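> My questions concern the predicted model and sequence given below.
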Amino acid sequence: MAITAEESAKEFYTALGQRFSEHAGLFNQLAKDEEGHATAYKQLLSGEEVYSTQEERMLADYNIQALETSSVVGSLRRGAERARTAPDFKSALQAAVEMEKDTLLLYHSMSMAAGKTDRQEIYKIIRVEHSHLARVESLAK
């Protein structure tokens, strides 16, 4: 789920860089960050760290299921489509803000189920996602 979200975010920012060339530097950097996050999640998934507690795992599963049901996760999977269908720059930035917020919701839920080492890696990604949100919001002002 996280890998798909990151790959979709990479496609989203790549498409925005192509559509809005005056901001291509920023969007290309964000796309590169998202690609790095996908790689990090692939490495996390290849490990065998156990979950912290059964209760935390159940809570995380519940939260992630709620995000699936509310279409947050589905929305994260449609990055390139969202970039192509945004009618203008302002709409594209709004879509980026929504995507970053949805990503943060998902990753906080995922971190609940992770073991200590994996949780620290997820927190590093969350910090970068917060910086993405701030950068995109600053453009929208």
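Ah, there it is. Residues are numbered from 1 along each chain as shown.
> Pull out the buried positions in stretch 3-10.
5-10 (16 or more other Cβ atoms under 10 Å). For the C-beta atoms, the positions are set from N, CA and C on the backbone; glycine is no exception.
> Under the pLDDT cut-off, which ranges of the chain? List them.
Counting by pLDDT under 70, the chain contains low-confidence ranges at 45-52.
> So what touches stretch 32-44?
2-3, 6-7, 9-10, 13, 114, 118, 121-122, 124-125, 128-129, 132 (Cβ atoms under 8 Å, 6 or more residues apart in numbering).
> Which member of those is positioned nearest residue 82?
Of all the contacts of stretch 32-44, residue 82 sits closest to residue 9, with 10.0 Å by Cβ to Cβ.
> Nearest residue to the most centrally placed residue in the chain in space, ignoring adjacent ones along the chain?
Centroid-nearest residue in the chain, with Cα atoms, centre = their mean: residue 103, separated by 3.7 Å. Distances taken as Cβ to Cβ, 6 or more residues apart in numbering put residue 129 closest to residue 103, at 5.3 Å, once the chain neighbours are dropped.
> Next, the buried residues of the helix or strand hosting that neighbour.
Using DSSP states H and E, residue 129 sits within helix 116-140. Neighbour counts over helix 116-140 (16+ other Cβ under 10 Å) mark 118-119, 121-122, 125-126, 129, 132-133, 136, 139 as buried.
> same thing with stretch 32-45?
33-35, 37-38, 40-41, 44.
> Redo the buried residues of stretch 3-10 as JSON lines? Include distance to residue 78.
Below are those laid out as JSON lines (distance: Cβ to Cβ, whole Å):
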{"residue": "5", "distance to residue 78": "10"}
{"residue": "6", "distance to residue 78": "14"}
{"residue": "7", "distance to residue 78": "12"}
{"residue": "8", "distance to residue 78": "7"}
{"residue": "9", "distance to residue 78": "11"}
{"residue": "10", "distance to residue 78": "13"}
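> Tell me which of those residues fall in strands.
Among the buried residues of stretch 3-10, no member falls in strands (DSSP state E).
> Those residues: which two are farthest apart?
With distances taken as Cβ to Cβ, the most widely separated pair in these is 5 and 10, at 9.9 Å.
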